[in-house]
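>>> Give the three-dimensional model of this entry:
(one chain, ligands or ions: 1)
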Amino acid sequence: MALSGVRVLELAGLAPSPLCGMILADFGAQVVRVDRSPRSAMNTDVQGRGKRSLAIDLKRGPGAAALRRLCLRADVLVEPFRHGVMEKLGLGPKVLLQENPKLIYARLTGFGQSGRYAKSAGHDINYLALSGVLSKLGRKDENPYAPVNLLADFAGGGVMCAMGIIMALYERTKSGKGQVVDASMVEGAAYLSSFLWKSQNLGLWNRFRGENLLDSGAPFYETYKTLDGKFMAVGAIEPQFYEQLVKGLELDLDKLPSQLSFSDWPEMKKMFAAIFSKKTQAEWCRIFDGTDACVTPVLSLDEVALHQHNKERGSFIKNDQEEISPRPSPLLSRTPATPSPRRDPFIGEHTEEILLEFGFTKEEIAKLHSEKL
Ligand SMILES: C[C@H](CCC[C@H](C)C(=O)SCCNC(=O)CCNC(=O)[C@H](O)C(C)(C)COP(=O)(O)OP(=O)(O)OC[C@H]1O[C@@H](n2cnc3c(N)ncnc32)[C@H](O)[C@@H]1OP(=O)(O)O)[C@H]1CC[C@H]2[C@@H]3[C@H](O)C[C@@H]4C[C@H](O)CC[C@]4(C)[C@H]3C[C@H](O)[C@]12C
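Down below sits the predicted model:
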């Protein structure tokens, strides 16, 4: 796999860094999640696929020293704590990069390693708010709406951090040197929304929230409820696709206001909603499947793996515990990801095995155990 042979130490975090570690593991990296001792923490990492777990108390000297030893043989360290925590543990980048100059030291935070909020707590919604993106999300006359914790935690955090790590790994093949990856979720969310910034002068966003082309303002870029209480997603932006949407709705294009007549959008949305409410989701699929009307069923998590298109591509996979989840993406033709089918690791499940692999003797391991580290 693309990342075979890459050794990653992922210090256990809440949600973003576990996704980063899982992506690296799915594409072949050996990921060791460094957990707090089993006695004190409940495992909340639901993205533990393909990882092994080592539990060690970093707050005590020998525990931090053990992590420093592990870092000597690691390619990547991912730390999910607020700014300054690792320095407090004596595990900051100055120390670890001094001891292993090839180490890629990834720091996944909400606000970054500098700036007045660097030491503040926060969650996805806070980062999304500070990025400016949240101000653009939500329906007309409603409060801004954060789409679960997908945009800052995962897209702007876990995925962006994994990308930074992989870029640093590639750069290291030329320079032979590691570096610090300062992944701020505020900046990650802002960066992935560059389109919002760059398209300001295209007239896409110059109306209030929820009144624009792509933010539920337009009748042809919206979801509509069907007779059976499900939904259809409509994305017929271009005139040639919009024409097929209108045909599928059995409307006469010539009798409708112009597609881009903003002032008519609210009335057109009501008309479309009334029409969509007359048929079931399955009936609308029979009308629109195979056309370029850009109309698709809004599938639940229970339905996605059964949808013909997703089945044909194998877009969703099952592990040994019969749990369904998305197949890693993107699909590399020659070296695809092979996600582990095994259950996620228990906290500390592989402590001894990992320490042995990283050069600790059985006596040293016994000592760490005896000192309850
Ligand atoms: C599932 C819920 C989360 C959903 C995602 C949510 C929406 C997010 O946005 S997650 C993104 C959060 N932000 C970041 O990750 C940015 C960077 N990180 C931070 O800013 C901070 O880490 C923080 C704000 C997230 C948390 O701050 P905190 O003060 O807790 O920690 P830090 O300052 O970073 O310091 C870490 C300290 O830990 C010490 N440490 C670390 N490793 C070790 C070790 N191996 N040994 C010893 N010590 C270690 C380190 O030294 C630091 O110590 P000091 O502080 O003394 O310096 C989940 C959201 C809330 C969860 C629930 C909640 O936690 C309560 C229960 C907890 C229980 O254990 C499990 C069940 C819970 C109900 C739990 C369930 C879910 O996980 C949540 C709902």
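>>> C-alpha from now on. contacts and neighbour counts both.
Noted.
>>> Tally up the residues packed near residue 147, please.
Residues lying near residue 147 (other CA atoms under 10 Å) number 14.
>>> Same question for residue 295.
Neighbourhood size, residue 295 [other CA under 10 Å]: 26.
>>> Would you confirm that it contacts residue 231?
No. The criterion here is CA atoms under 8 Å, and residue 295 misses it with residue 231 at 10.4 Å.
>>> Kindly format the C-alpha coordinates of stretch 351-361 as CSV.
Written as CSV, here are the backbone C-alpha positions of stretch 351-361 (Å, rounded to 0.1, in the frame of the first residue of the first chain):
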residue,chain,number,x,y,z
THR,A,351,1.7,-2.3,24.8
GLU,A,352,4.2,-5.1,25.2
GLU,A,353,4.3,-6.1,21.5
ILE,A,354,4.9,-2.5,20.4
LEU,A,355,7.6,-1.9,23.0
LEU,A,356,9.4,-5.0,22.0
GLU,A,357,9.2,-4.0,18.3
PHE,A,358,10.7,-0.6,19.2
GLY,A,359,13.7,-2.2,20.9
PHE,A,360,12.6,-2.3,24.6
THR,A,361,13.8,-5.4,26.5
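>>> Now do the strands in the stretch 251-373 of the chain.
295-297, 316-318, 324-326 (DSSP state E, counting those that start in this stretch).
>>> Who are the packing partners of the second one?
Yep, that's strand 316-318 we're talking about. Contacts defined by 3 or more CA pairs under 8 Å, 6 or more residues apart in numbering; DSSP states H and E place strand 316-318 against strand 324-326.
>>> tell me what the strand it packs on is packed against?
strand 316-318.
>>> Name the residues of the strand it packs on that are buried.
residue 317 (16 or more other CA atoms under 10 Å).
>>> What parts of the stretch 151-300 of the chain come near the ligand?
In this structure, the stretch 151-300 of the chain approaches the ligand at residues residue 153, judged by CA under 6 Å from any ligand atom.
>>> Would you point out which residue of the stretch 151-300 of the chain is nearest the ligand?
residue 153 (5.6 Å; CA to the nearest ligand atom).
>>> Identify the residues contacting that residue.
Contact analysis of residue 153 by CA atoms under 8 Å, 6 or more residues apart in numbering lists 15, 16, 123, 124, 185.
>>> Could you dump those into a markdown table and include secondary structure, pLDDT and neighbour count?
Converted to a markdown table, these look like this (DSSP: H, G, I helix; E, B strand; the rest coil; pLDDT from 0 to 100; neighbours: other CA atoms under 10 Å):
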| residue | secondary structure | pLDDT | neighbour count |
| --- | --- | --- | --- |
| 15 | coil | 95 | 20 |
| 16 | helix | 97 | 27 |
| 123 | coil | 98 | 15 |
| 124 | helix | 98 | 24 |
| 185 | helix | 98 | 32 |
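>>> want to try a markdown table for these, with distance to residue 366 as columns?
Below are the contacts of residue 153 laid out as a markdown table (distance: CA to CA, whole Å):
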| residue | distance to residue 366 |
| --- | --- |
| 15 | 32 |
| 16 | 33 |
| 123 | 39 |
| 124 | 41 |
| 185 | 40 |
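>>> Quick check: the residue of the stretch 151-300 of the chain closest to the ligand is in a strand.
No. The assignment for residue 153 (DSSP: H, G, I helix; E, B strand; the rest coil) gives helix, which keeps it out of a strand.
>>> Give me the pLDDT value at it.
Predicted confidence (pLDDT) for residue 153: 98.
>>> Residue 362 too?
What the model reports as pLDDT for residue 362 is 96.
>>> My read is that it contacts residue 356, right?
Yes. Using CA under 8 Å, residue 362 is in contact with residue 356, at 7.3 Å.
>>> that older thread, in a markdown table, list the strands of the stretch 251-373 of the chain along with mean pLDDT.
Shown next, in a markdown table, are the strands of the stretch 251-373 of the chain (pLDDT from 0 to 100):
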| stretch | mean pLDDT |
| --- | --- |
| strand 295-297 | 98 |
| strand 316-318 | 96 |
| strand 324-326 | 96 |
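>>> helices and strands around the lengthiest helix in the chain, which ones?
For the chain, the helix that runs over the most residues, judged by DSSP state H, is helix 160-175. With contacts taken as 3+ CA pairs under 8 Å, 6+ apart, helix 160-175 sits against helix 16-26, strand 104-109, strand 179-184.
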